[in-house]
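Student: Give me coordinates for this.
(chains A and B)
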Amino acid sequence: MQIQILFATLVALSVIGYLAGRSRAVAAAAGRTRTLHSLPRYHGIYVALWCGLPALLVSVLWLVIEPRVAEWLLMSQLPPGARELAPDRLALLLADIKNLAAGDIVSREVEPALRRASEAYASIRRTSQTALLVVGLALALAGLAVGRRTISPSFRARNKVERVVTVVMIAASLVAILTTVGIVLSLLFEALRFFGKVPASEFLFGLQWSPQTALREDQVGASGAFGAVPLFLGTLLITAIAMCVAVPIGLFSAIYMSEYASPRFRAAIKPTLEILAGIPTVVYGVFAALTMAPFFRGLGESAGLDVSSESALAAGVVMGIMIIPFVSSLSDDVMNAVPQSLRDGSYALGATKSETIAQVVVPAALPGIVGSVLLAVSRAIGETMIVVMAAGLAANLTINPLEAVTTVTVQIVTLLVGDQEFDSAKTLAAFALGLALFAITLALNVVALQVVRRYREKYD
Amino acid sequence: MTDVIAPGPARKTDLSAKRLKRRYAAEARFRAYGLLAILAAVAVLGLLLSSVVIRGYTAFTQTEIAFEIHFDQEVIDPEGSRDPATLAQGDYQLLVKRALYELFPEVTKRREKRRLAGLVSSGAGFTLRAMVTDDADLIGRRQKVWVKSSDDVDSFVKGFIDRDLPAADRRIKDDEIAWIDALANRGDVATRFNSTFFTTGDSREPEQAGILGAAVGSFLTLVVTLLLSFPLGVLAAVYLEEFAPKNRWTDLIEVNINNLAAVPSIIFGLLGLAVFLNFMGLPRSAPLVGGMVLALMTLPTVIIAARAAFASVPPSIREAALGIGASKLQTVTHHVLPLALPGVLTGTIIGMARALGETAPLLLIGMVAFVVDIPGSLSDPATVLPVQIYIWVDSPERAFVAKTGAAIMVLLAFLIAMNALAVVLRKRFERRW
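Tutor: Okay, here's the model as predicted:
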């Protein structure tokens, strides 16, 4: 609650700073504002920044660090017996103390010692929040004074403000880099911990996937197997089925749209196909699980085949439908970019339209088409909801599309949804799978984007 | 050029005509393949949408049963105090049961009685309680009340359960059918608009489950996503397009943004789990964390769209502003940004629409919890529309399948509205230079 008060006060003080800075600038110029280097409002913003920014930065830093410091203080006050508990028991005890301090229910009986600890913790938190309020307000007021004092007619307020804005903009564009770094680091870090428990060679080449960890040592099936080959193969199988659907339909749609269709037909059809890309994947998942899977099962039964109700076929076909627009849209663009002169040359030699397309336009556009297909493959490999809902959980080592297979993304979701302990090989395995997924899709994307870009340059 | 081309041997015209015919046939075939591919794609789209509608439209209505209820003072308010706390605790479900037993006095066996009581929703008591809380004078009186039927009765009345099946294969037994028919003959069974679906959160009972909780969760999540990704995206795009020098660093940022846009969404879920939940200790299942994850995911889309919008503003406008003494930042904020804003907003809305339909990353940060309450703040446990659909598909009750279809329709309606808004913005405000 005090944090909201603090932020509201900071905003109010910044507004006051803005008004004060502006009026001070006008006063410094004795009313003739054109003698000022910067417009009065820049002086206002300058003071407001001095008032708000340092205080804001300090409070955010405080909010990040404070819980850790408070926990450390609490630890030092615990009786010695408690400090020697196993890490997970200790974490539970700390969570209980915190819940008690916040007035929530706790998972154990409230002993006097526990109550004392929670009261101590609550008082630490109270003190620190009050301290934050005081420090924040003091910083804001000091900033207000400093900012106000620097104002003079020749003061370059605009340049200073613009420099701050530039820094903020650079920081914003670094968020994208930070995201990538965060992804790589978090995946790598957890995956390395996983490879500390399970050798990388077993993960990459093992043929058994049964990621349960034992509660007791002597349990049946106690040793989980973490061979990811069945998952990679399953992913590959479903992706291959998807591409068998998406590439012919997408490519022929693109050819028709770019070479045959009238502008009006094209204007109507292109957005219609792109609707397919805009439909949420969970909707495709429902479609695959409730419509396509029973349909294929019935079809198989009437043909005397045994089709699993979670067959790779249903998931793959629906995924193929989803990525049709990824193939068709980009292929359409690259075929449109093929210069008309190539087509005219071919017609002049007497080729029909289809011969021109098959022997001139498509080969000329081939790099772009390959790029679009690669992007579609990367999309299919990383797709989650369709396979979670329509493909199975059993890690079968098979390439029979009528059987149930599982994929990398399905296993990531299964391993991480629900209750989890964070240190077990089971949970960490999900991050290792994530790392593999990230590496594969990244490689595909880089190659595809390179191919497309180089191709664009060729005809520009 | 005096060479005279020697006349070749006379062509066999019939052969060439034959070949020409074959080539034209190939041409027609090729063209037909193209058309067929497009038709197939459109047909599949139609199949997909119609399967949703056919499955889901029944969930917008709900079967209700009417019978006379005696608001017995003995049950609700034995002391006659009319105290709201006492009234809230009365056993209203007992009133419903008694009314049903009264209606069918021939039912005496315990098991049959339980089945009879099972005709109506276990939430029927709440309807009565709400009535009594509104009007305490009802106590002691008799009144005809419409209450929701149970989900099986609902499916039966809507025709999803075939009464010609052998009784063992039906979820509705023969005596239940007889009771329903008896009620229907008196005109006391009706299918009405299901307002519960739009006004409540999730429930274990299909007839009491609604999507308001998920919709509010989606709204809160999207607010966080918008508040983070729009300013960050615009600032980054302005810097990269208008200020950044062309060097290896900005090249790196650009390549990085393009690649980030193609990273599978589930990877962002792993990032959120590792960084936001485990490292920063933010609450699980909260719209705050969901919004942050989705913001990181949509940021590249917003940046790319915004850069394209900035790039389409002609340089002459910048030069004119710089020429009359504006600073670079003033040029951007006073001229380039306002002119590019429709394009930026269009891109942002499309990014938001993608975020609204996203499921996988939210599963990993725990937004897949069973949440009955409607979330009131950014740190309350919540779920979102696509995840709600996923939860319902996995539920065993048949009635949830219809709910799934209805929820998809609501989700698609939101998506269509957002995309329509983007199209309108583009058509109305986009300027071609």
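Student: Run through the strands of the stretch 301-433 of chain B in chain order.
Tutor: Taking DSSP state E, counting those that start in this stretch as the criterion, the stretch 301-433 of chain B contains no strands.
Student: Give me the secondary structure label for B:Phe67.
Tutor: When the structure is reduced to helix, strand and coil (DSSP: H, G, I helix; E, B strand; the rest coil), B:Phe67 reads as strand.
Student: Next: B:Ala262.
Tutor: Each residue gets one of three states, and B:Ala262 gets coil by three-state DSSP.
Student: quick one: it from B:Ser377, how far?
Tutor: When CB to CB, to the nearest Å is the yardstick, B:Ala262 and B:Ser377 sit 34 Å from each other. (C-beta placed from N, C-alpha, C; glycine too.)
Student: same deal with B:Gly80?
Tutor: Using CB to CB, B:Gly80 is found at 40 Å from B:Ser377.
Student: How about stretch B:193-202 and chain A, any contact?
Tutor: No: when contact is scored as CB under 8 Å from any CB of the partner chain, no part of stretch B:193-202 falls within range of chain A; the minimum is 15.6 Å.
Student: Look up the closest residue to the residue of chain B found nearest chain A, ignoring the ones flanking it.
Tutor: Sorted by distance to chain A under CB to the nearest CB, the residues of chain B start with B:Pro264, at 2.4 Å. Using CB to CB, 6 or more residues apart in numbering or on different chains and skipping the chain neighbours, the partner closest in space to B:Pro264 is A:Gly382 (2.4 Å).
Student: Where is the longest helix in the chain?
Tutor: Since no chain was named, I'll use chain A. Criterion DSSP state H: the longest helix present in chain A is helix A:157-197.
Student: wrong one, I was asking about chain B
Tutor: When chain B is scanned for its longest helix (criterion: DSSP H), the result is helix B:13-56.
Student: so what does that helix touch, helix or strand wise?
Tutor: Secondary structure elements in contact with helix B:13-56, counted by 3 or more CB pairs under 8 Å, 6 or more residues apart in numbering or on different chains; DSSP states H and E, are helix A:229-255, helix A:263-278, helix A:281-287, helix A:312-337, helix A:353-356, helix B:399-429.
Student: Where does the prediction get shaky in the stretch 301-450 of chain A?
Tutor: Counting by pLDDT under 70, the stretch 301-450 of chain A contains low-confidence residues at A:418-423.
Student: near chain B, which residues of it?
Tutor: Within the stretch 301-450 of chain A, the positions near chain B by CB under 8 Å from any CB are A:321, A:324, A:328, A:352-355, A:357-358, A:375, A:378-379, A:381-385, A:388-389, A:409, A:412-413, A:416-417, A:422, A:430-431, A:434, A:437-438, A:441-442, A:445-446, A:449.
Student: Quick check: A:Met319 vs A:Leu375, distance?
Tutor: For A:Met319, the distance to A:Leu375 (CB to CB) stands at 14 Å.
Student: the more surrounded of these two?
Tutor: A:Met319 (29 against 23; other CB atoms under 10 Å in any protein chain shown).
Student: what about the residue in chain A that chain B sits nearest to, how many residues close to it?
Tutor: For chain A, the residue closest to chain B is A:Gly382, as judged by CB to the nearest CB, at 2.4 Å. One way to gauge burial is a neighbour count; for A:Gly382, by other CB under 10 Å, it gives 25.
Student: Spell out which residues make up each domain of the chain.
Tutor: You didn't say which chain, so I picked chain A. For chain A, automatic domain parsing gives the domain ranges A:2-155, A:225-459.
Student: was after chain B, sorry
Tutor: Here chain B is described, according to automatic domain parsing, as comprising the domains B:61-194, B:212-429.
Student: Go through those domains and pick out the most buried.
Tutor: Burial of the domains of chain B is given as mean neighbour count (mean count of other CB atoms under 10 Å in any protein chain shown); domain B:212-429 ranks first at a mean of 20.
Student: That domain - what's its average pLDDT?
Tutor: In this model, domain B:212-429 has a mean pLDDT of 91.
Student: How far does the host helix or strand of A:Ala27 sit from its chain's centre?
Tutor: With secondary structure defined by DSSP states H and E, A:Ala27 is part of helix A:2-28. Helix A:2-28 has its average C-alpha position 37 Å from the chain's average C-alpha position, going by CA atoms, centre = their mean, to the nearest Å.
Student: next structured bit after that helix?
Tutor: On the C-terminal side of helix A:2-28, the closest following helix or strand by DSSP H and E is helix A:40-77.
Student: tell me the angle that following helix makes with helix A:157-197.
Tutor: Using axes from the mean of the first three to the mean of the last three CA atoms, to 10 degrees, the inter-axis angle of helix A:40-77 relative to helix A:157-197 is 30 degrees.
Student: Give the buried residues for helix A:40-77.
Tutor: Of the residues in helix A:40-77, those scored as buried under the neighbour-count criterion (16 or more other CB atoms under 10 Å in any protein chain shown) are A:40, A:42-56, A:58-59, A:62, A:66, A:70, A:74.
Student: for stretch A:357-375, same thing?
Tutor: In terms of neighbour count (16+ other CB under 10 Å), stretch A:357-375 has its buried residues at A:357, A:360-362, A:364-365, A:367-375.
Student: quick one: which of those residues sit in helices?
Tutor: Of the buried residues of stretch A:357-375, the ones assigned to helices by DSSP H are A:Val362, A:Ala364, A:Ala365, A:Pro367, A:Gly368, A:Ile369, A:Val370, A:Gly371, A:Ser372, A:Val373, A:Leu374, A:Leu375.
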